[in-house]
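Q: show me the folded form of this:
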Amino acid sequence: MALIKSVRGCTPRFGKDCYLADNATVIGDVVMGDQCSVWFNAVVRGDVHRIRIGNRVNIQDGAVIHATFETAPTTIGHNVSIAHNAIVHGCTLEDNVLVGMNAVVMDNAVVGKNSIIAVGAVVLENTVIEPGSVYAGIPARKIKEVNEELTSHLLERISANYIRYAGWYKTKE
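A: Down below sits the predicted model:
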C-alpha cells in the first residue's frame, strides 16, 4: 500500500480513479486530479510548498516531484507524463507535456503546453519553454518544434497507455 502522509496540517487529496503503486509516496499539500498514477518508488513530496496536479498525469517509477520552501510551488497540468527517474522541482508544466527519463526541471521554470523535455535534459531555473517545443541537453536548449505526429502519437499515447497500465494493477485476478 502506498505511503500517504500528512505533514504540517496538510493531507494529500486525490481525484477519481487514481492508482498509487505499493511503494509510491505522496506527502503533504498535494492535490491530484482524476485518472492519475504514481508508480513504483515515485515520490510526490508536498512538505515545503504546494503541489497541484491535473487530470491524466502519470508519474513514473523513481520520479520525484518536490518544491522549494515558500518560494516555488509545483504545478502540473493535464495529460502530462513524467518519465522514470525524472525530477520536477518547483516549476510549472502546462498541459500535454512529456518530461523524459532522468530529465530535471528546476525552480520557476515554465514548460509550455505540447512540449517535450528530452531524456536526460536539464531545464535550469527560470527557463521558459515555449509551447510546442522539444528541449534537450545540459542545459536544455530548443532543438525543434513538436509536430502533430509527435503530439498525437507520443504525448497522447503515453498518457493513455498509463491509464491502461494502471487498470491492470487495479483489476483483481
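Q: so which helix or strand of this structure has the lowest pLDDT on average?
A: Taking mean pLDDT, DSSP states H and E as the measure, the chain has helix 148-150 as its least confident helix or strand, at a mean of 77.
Q: identify the residues contacting residue 165.
A: residue 37 (CB atoms under 8 Å, 6 or more residues apart in numbering). (Each C-beta comes from the backbone N, C-alpha and C, glycine too.)
Q: tell me which residues in the helix or strand hosting it are buried?
A: When elements are defined using DSSP states H and E, residue 165 is found to belong to helix 156-170. Residues of helix 156-170 classed as buried by neighbour count (16 or more other CB atoms under 10 Å): 158-159, 162-163, 166.
Q: then stretch 45-53?
A: Buried, per 16+ other CB under 10 Å, within stretch 45-53: 45-49, 51-53.
Q: that stretch - what's its average pLDDT?
A: Stretch 45-53 comes out with an average pLDDT of 98.
Q: what does stretch 15-31 give?
A: So the average pLDDT for stretch 15-31 ends up being 98.
Q: just the C-alphas of that stretch, formatted as PDB.
A: In PDB, the C-alpha atoms belonging to stretch 15-31 read as follows (Å, rounded to 0.1, in the frame of the first residue of the first chain):
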ATOM      1  CA  GLY A  15      -9.400  12.700  -7.700                       C
ATOM      2  CA  LYS A  16     -11.300   9.800  -9.100                       C
ATOM      3  CA  ASP A  17      -9.800   6.600 -10.500                       C
ATOM      4  CA  CYS A  18      -6.200   7.200  -9.400                       C
ATOM      5  CA  TYR A  19      -3.600   4.500  -9.000                       C
ATOM      6  CA  LEU A  20      -0.800   4.600  -6.400                       C
ATOM      7  CA  ALA A  21       1.800   1.800  -6.600                       C
ATOM      8  CA  ASP A  22       2.500  -0.100  -3.400                       C
ATOM      9  CA  ASN A  23       5.700   1.800  -2.600                       C
ATOM     10  CA  ALA A  24       4.800   5.200  -4.100                       C
ATOM     11  CA  THR A  25       5.000   8.100  -1.600                       C
ATOM     12  CA  VAL A  26       2.600  11.100  -1.500                       C
ATOM     13  CA  ILE A  27       3.100  13.600   1.300                       C
ATOM     14  CA  GLY A  28       1.600  16.800   2.400                       C
ATOM     15  CA  ASP A  29       0.000  19.600   0.400                       C
ATOM     16  CA  VAL A  30      -0.700  17.600  -2.800                       C
ATOM     17  CA  VAL A  31      -3.900  17.800  -4.800                       C
END
